[in-house]
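Engineer: please find the sequence and the predicted model below.
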Amino acid sequence: MEKEEIIYLSENKMRLGKLEKTQIVVTIVSIILGTILHFTYEVLEENIVVGAFSAVNESVWEHLKLIFFPMLIVAIIEYFIVNKIAKNYLEAKVIGIFTAISFTIVAFFTYTGIIGTNFLIVDILIFIASIILGELVAYRLMKRKNESNTKTKILAGLIIVFLFICFILLTYFTPHVNLFRDPITGTYGIFKS
């Protein structure tokens, strides 16, 4: 091997090591933040503004906020640490967040559809597995060669803005479908309609 190739391989290994360590921390912090957000609405006396970002009831939709917002917040912070390492960072993170959300929906409705009820421990494990899976997908994508361009960045940005708006708006203007239904009270959204 030539000296330049050895240097490149060494730098690449260090780069991926930093990315891997960062992703582990990001995953743990996202799980902790999501857990905290589960309780903030109630602890802060059902503050209507806090409800936009916290679970306002026990519906699947409200629990998706516990994945989306922590992963988004931590991704914004992480960007300043690894943006020079992963040129496709935005695309990878959006795909990771979407994967985590999708996994939660599919896993929850599949297992509850089969057995007819839900169990808190399984719900917690799905939450943790969703964030781990989402961050793992993002990490694997960031490790790949740069597959990013202006169009993919714009599309990823539009998707994340769309999801952000949906999570906030649908807290206050909640459709009456099973995804949004609180299984305990049978109500929907922050106004318990």
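Structural biologist: Yep, it's here.

Engineer: neighbours of Val122, how many?
Structural biologist: 15 (other Cβ atoms under 10 Å). Yep, even glycine has a C-beta here, placed from its N, CA and C like the rest.

Engineer: state the pLDDT value of it.
Structural biologist: Here, the pLDDT recorded for Val122 equals 97.

Engineer: which of the helices or strands spans it?
Structural biologist: helix 120-143 (DSSP states H and E).

Engineer: on contacts alone, who are the packing partners of that helix?
Structural biologist: Helices and strands touching helix 120-143, as assessed by 3 or more Cβ pairs under 8 Å, 6 or more residues apart in numbering; DSSP states H and E, comprise helix 3-43, helix 60-82, helix 89-115.

Engineer: generate a markdown table for these, with distance to Ile165 as supplementary columns.
Structural biologist: As requested, these are exported to a markdown table (distance: least, Cβ to Cβ, whole Å):
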| stretch | distance to Ile165 |
| --- | --- |
| helix 3-43 | 18 |
| helix 60-82 | 12 |
| helix 89-115 | 14 |
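
Engineer: just send those helices back as a markdown table, with mean pLDDT and mean neighbour count too.
Structural biologist: Output for those, formatted as a markdown table (pLDDT from 0 to 100; neighbours: other Cβ atoms under 10 Å):
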| stretch | mean pLDDT | mean neighbour count |
| --- | --- | --- |
| helix 3-43 | 82 | 15 |
| helix 60-82 | 96 | 20 |
| helix 89-115 | 97 | 18 |
